[in-house]
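A.B. asks: Make a model of this:
(chains A and B)
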2 protein chains.
Amino acid sequence: MEFWVKRDCFYKAISDVSRAISLKTTIPILTGIQLIASEENLTLVGSNSDIFIETNIPMMINNEKVLEIFETGSVVVSARFLIEIVKKLPDDVHVKINDKKLVTIKSDGIVTTLNGFYADEYPKLPRMDEVASAKIPSSELIELIKQTTFAVSRNETKPVLTGLNLLFQEKQLTCAGTNSHRLAIRKLPIEATLEGSYIVPGTSLNELSKIMQNESGHIHIYITECYIIFKTNSLILYSRLIEGIYPNVIGLIPKDTKTVITIGTAQLLKGVDRASLFATEGKNNRVNIKIEEGKKLRISSNSTEVGKIEELQNLKVVSGQQDLSISFDGRFLIDALKAIKEEEIQLSFGGSMRPVIIEPIGNPNFLQLISPVRTY
Amino acid sequence: MEFWVKRDCFYKAISDVSRAISLKTTIPILTGIQLIASEENLTLVGSNSDIFIETNIPMMINNEKVLEIFETGSVVVSARFLIEIVKKLPDDVHVKINDKKLVTIKSDGIVTTLNGFYADEYPKLPRMDEVASAKIPSSELIELIKQTTFAVSRNETKPVLTGLNLLFQEKQLTCAGTNSHRLAIRKLPIEATLEGSYIVPGTSLNELSKIMQNESGHIHIYITECYIIFKTNSLILYSRLIEGIYPNVIGLIPKDTKTVITIGTAQLLKGVDRASLFATEGKNNRVNIKIEEGKKLRISSNSTEVGKIEELQNLKVVSGQQDLSISFDGRFLIDALKAIKEEEIQLSFGGSMRPVIIEPIGNPNFLQLISPVRTY
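C.D. replies: Next up is the predicted model:
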């Protein structure tokens, strides 16, 4: 295996696939990046065994030669050292592997030798079944992921809750995340032949939204037996699926509400953010909300040791019962409000012991639910 | 005590004095900022008992009213909460303290109450003796500090080596830092009536260079029995002095050299930085340097487990003995080269077991020394 490549292309490809690699892995070969030089291109793969990220460098980009393959072949080489070396090299990089998997990287008089791993010991990529697929503009998919992944559970005791539920049904994608105290549901009309319900690790989708946030165009989604595959023109992310049955979250949404208010999103976010300052001192991060004078919202928190904070905000609309006092985990409220782009939101309460429904005004495709915390 | 203040002025002052405050302190009152409202201004003080930082907010800035004192007085209030609250408040801030040291902070309908400490329990500021002083342009003092503090020891077993030696003598300031493996000495002609040799903690000078890096004008230096005081128009930093005798570092500089080379600073820095990649795998971070063909420098390092790197760089001038092979701690070389602004440097070697002298070409006021590491 031997090739010449432009530094910037090589560095970007290494950076992209490195995102899949965990420094904490106990499997030595997974600390490495797999390089595969074929007749057509150079393929790079990184993995932590749950996620694989694959990218390809073609021979030409914008009519400029960026790659030349002198000899095909493959090797696995330490991601940490490869990224640091390539970052510090001048423009052109020449890579050659000898029989003993010694990787020699040359650039402008600088000669580096790295001990590699044999590529045939590297885990195999899942095979792609291209029959059924979904096609989604990447900006829309990334927005949907950002508006739901934050809500998933970080607690591994219920594995299904660490994932997002992606439901492909009748040309619509419904994405739901919950940690059983809060819930975020987002719908998106899509082009799809794909049908079914899948649970995808929240961590995988976070990575996806990071590596694909500068991608224009569409993301294609495929499903294999154990994997979901996201594919753009330049990158492919394979993520393991979580086995199990996702809870019926739609059924959790309360039907009857007693009090409905409308308020500015940014204004409420600022108030809750301030109140959270003292709330973080307690165990459950409690921020108190109270409707006053039928038109104002009192936001407060206190910590006996440190102090207290309170403020009154004007409400746009109040309908239904006008006395309400309820407490929430401030972090859940902040996450929920940050996920909303729209200027105004509607909060629907069923009483101080029932979850609140949070919906942006003018967007019927996004709904969140937060359970209150007890006030003692 | 009661005052009104513009948010931005208050926030900057709080941020500045907070730099002195350690989150790790075991003395509760030192987690706070002392606020002193007098007839003329508002004074803020932060301290970790080694350093005090003091700043004053005047009534007017650029003909704009920024402060109004309704009642004089003083209190100490949690730095962590004060900074977070003021950061999140709208423009105007109204502060009032009641008899029970409860601090009420109001801004635009937002009311915060913080439990304070009585100000008379706060440590007293050292008294300033304004008889002898030195006056230095702040940019020059900060450069001098940055070019020497990195060289001090982080090991507390020899306290004097954790400090920089400031020697005021015959209208010249000589500043020296060493950890006994490397040495940096910088001289600066100054206006001064101050004379004497003082040892100032490196950490204090690091803070000084950070908080004063945007200050224009001059820094005045005063000495009290146990403190050194740095004063600008808006800030005062008081630092405890380290007791003890500083070693005679001038005597350590070798007089006779066998090989002298000249090389580009940035070029050598890049090479050593690359070579350090593998050097960090070993215990002593060893980067090898070798003169070859009487005009080239070979820079290399290797790690048996990971790999090796080497490169050849052109030398501008080589004089004296032309065979030399020596190894250094790569981090010491990188620190030394980063401290130099000049384009070219001269390295003077006395052999592979003797320290190298590093001097910028064209600047006789800056000299560094690095001891080699043994090659086995």
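A.B. asks: How many residues are close by A:Gln169?
C.D. replies: Residues lying near A:Gln169 (other Cβ atoms under 10 Å in any protein chain shown) number 12. In this view, the C-beta of every residue, glycine as well, is placed from N, C-alpha and C.
A.B. asks: What separation is there between it and chain B?
C.D. replies: 43 Å (Cβ to the nearest Cβ, to the nearest Å).
A.B. asks: Quick check on A:Gly351: phi, psi?
C.D. replies: When quoted as degrees, to the nearest 10, the phi and psi of A:Gly351 stand at phi 120, psi 170.
A.B. asks: Looks like it contacts A:Lys258 (just checking).
C.D. replies: Yes: using Cβ atoms under 8 Å, A:Gly351 makes contact with A:Lys258 at a distance of 5.8 Å.
A.B. asks: Give me the common contacts of the two.
C.D. replies: Each of A:Leu324 lies in contact with both A:Gly351 and A:Lys258 under the rule Cβ atoms under 8 Å, 6 or more residues apart in numbering or on different chains.
A.B. asks: can you give me the helices for the stretch 1-150 of chain A?
C.D. replies: For the stretch 1-150 of chain A, the helices defined by DSSP state H, counting those that start in this stretch cover A:7-18, A:79-87, A:138-146.
A.B. asks: In contact with the nearest residue to A:Asp91 once chain neighbours are set aside: list those residues for me.
C.D. replies: Distances taken as Cβ to Cβ, 6 or more residues apart in numbering or on different chains place A:Arg7 nearest to A:Asp91, at 4.9 Å, with adjacent residues excluded. Applying Cβ under 8 Å, 6+ apart, one finds that A:Arg7 lies in contact with A:Val86, A:Leu89, A:Pro90, A:Asp91, A:Asp92, A:Val93, A:Ser107.
A.B. asks: May I have the beta-bridge partners of the fifth one?
C.D. replies: I take that to be A:Asp92. Beta bridges link A:Asp92 to A:Lys6, judged by DSSP bridges.
A.B. asks: Tell me, how many residues neighbour it?
C.D. replies: By other Cβ under 10 Å, the residues close to A:Asp92 number 13.
A.B. asks: Pull up the gap between it and A:Asp108, please.
C.D. replies: 7 Å (Cβ to Cβ, to the nearest Å).
A.B. asks: got it, and the second one?
C.D. replies: Distance of A:Leu89 to A:Asp108, computed by Cβ to Cβ: 7 Å.
A.B. asks: Who has more neighbours out of these two?
C.D. replies: The neighbour comparison of A:Leu89 against A:Asp108 (other Cβ under 10 Å) goes to A:Leu89, with 20 against 11.
A.B. asks: Give the other helices and strands that the helix-or-strand element of chain A with minimal mean pLDDT contacts.
C.D. replies: Within chain A, no helix or strand scores below strand A:191-192, which has a mean of 90 by mean pLDDT, DSSP states H and E. On a contact count with 3 or more Cβ pairs under 8 Å, 6 or more residues apart in numbering or on different chains; DSSP states H and E, strand A:191-192 meets strand A:134-137.
A.B. asks: Would you mind listing the outside residues contacting the strand it packs on?
C.D. replies: Here strand A:134-137 makes contact (Cβ under 8 Å, 6+ apart) with A:168, A:173, A:188, A:190-194, A:217-221.
A.B. asks: Listing partners with orientation, what would you give for that strand?
C.D. replies: According to DSSP bridges, strand A:134-137 has the following sheet partners: strand A:191-192 (antiparallel), strand A:218-223 (antiparallel).
A.B. asks: Give me every residue in chain A lying close to chain B.
C.D. replies: Counting by Cβ under 8 Å from any Cβ of the partner chain, chain A comes close to chain B at A:78, A:81, A:84-85, A:88-89, A:103, A:109-115, A:270-271, A:273-274, A:277-278, A:305-312.
A.B. asks: Quick one: buried ones out of those residues?
C.D. replies: A:78, A:81, A:84-85, A:88-89, A:103, A:110, A:112-115, A:270-271, A:273-274, A:277-278, A:306-312 (16 or more other Cβ atoms under 10 Å in any protein chain shown).
A.B. asks: Next step: the residues you listed restricted to strands.
C.D. replies: In strands, defined here by DSSP state E, the members of those are A:78, A:103, A:110, A:112-115, A:307-312.
A.B. asks: what's the spacing between the spatially closest residue to A:Gly46 that is not a sequence neighbour and A:Leu42?
C.D. replies: Spatial nearest neighbour of A:Gly46, chain neighbours left out: A:Val17 (3.5 Å); criterion: Cβ to Cβ, 6+ apart. In this view, A:Val17 and A:Leu42 are 11 Å apart by Cβ to Cβ.
A.B. asks: what's the residue closest to the geometric middle of chain A?
C.D. replies: In chain A, the C-alpha nearest the mean C-alpha coordinate belongs to A:Asn206, at 1.7 Å (Cα atoms, centre = their mean).
A.B. asks: Confirm it sits in a helix?
C.D. replies: Yes: under DSSP: H, G, I helix; E, B strand; the rest coil, A:Asn206 sits within a helix.
A.B. asks: so it touches A:Arg154, yeah?
C.D. replies: No: using Cβ under 8 Å, A:Asn206 makes no contact with A:Arg154, being 11.7 Å away.
A.B. asks: tally of neighbours for the closest residue to A:Glu342 other than its chain neighbours?
C.D. replies: Using Cβ to Cβ, 6+ apart and skipping residues adjacent in sequence, the residue nearest A:Glu342 is A:Pro360, 3.5 Å away. Neighbour count of A:Pro360, defined by other Cβ under 10 Å: 20.
A.B. asks: wait, what's in contact with A:Pro360?
C.D. replies: A:Thr265, A:Ile340, A:Lys341, A:Glu342, A:Glu344, A:Ile345, A:Gln346, A:Phe366.
A.B. asks: Distance of it relative to A:Asn62?
C.D. replies: 40 Å.
A.B. asks: A:Glu39 now?
C.D. replies: 21 Å.
A.B. asks: repeat for A:Ile105
C.D. replies: A:Ile105 is 25 Å from A:Asn62, where distance means Cβ to Cβ.
A.B. asks: Would you agree A:Met101 is in contact with A:Gly116?
C.D. replies: Met isn't right for residue A:101; it's Lys. Yes: counting by Cβ under 8 Å, A:Lys101 touches A:Gly116, with 4.1 Å between them.
A.B. asks: Show me the common contact partners of these two, please.
C.D. replies: Common contacts of A:Lys101 and A:Gly116, defined by Cβ under 8 Å, 6+ apart, comprise A:Val75.
A.B. asks: So what sits opposite the closest residue to A:Tyr222 other than its chain neighbours in the bridge?
C.D. replies: Spatial nearest neighbour of A:Tyr222, excluding adjacent residues (Cβ to Cβ, 6+ apart): A:Ile229 at 4.3 Å. On the basis of DSSP bridges, A:Ile229 is bridged to A:Tyr222, A:Tyr238.
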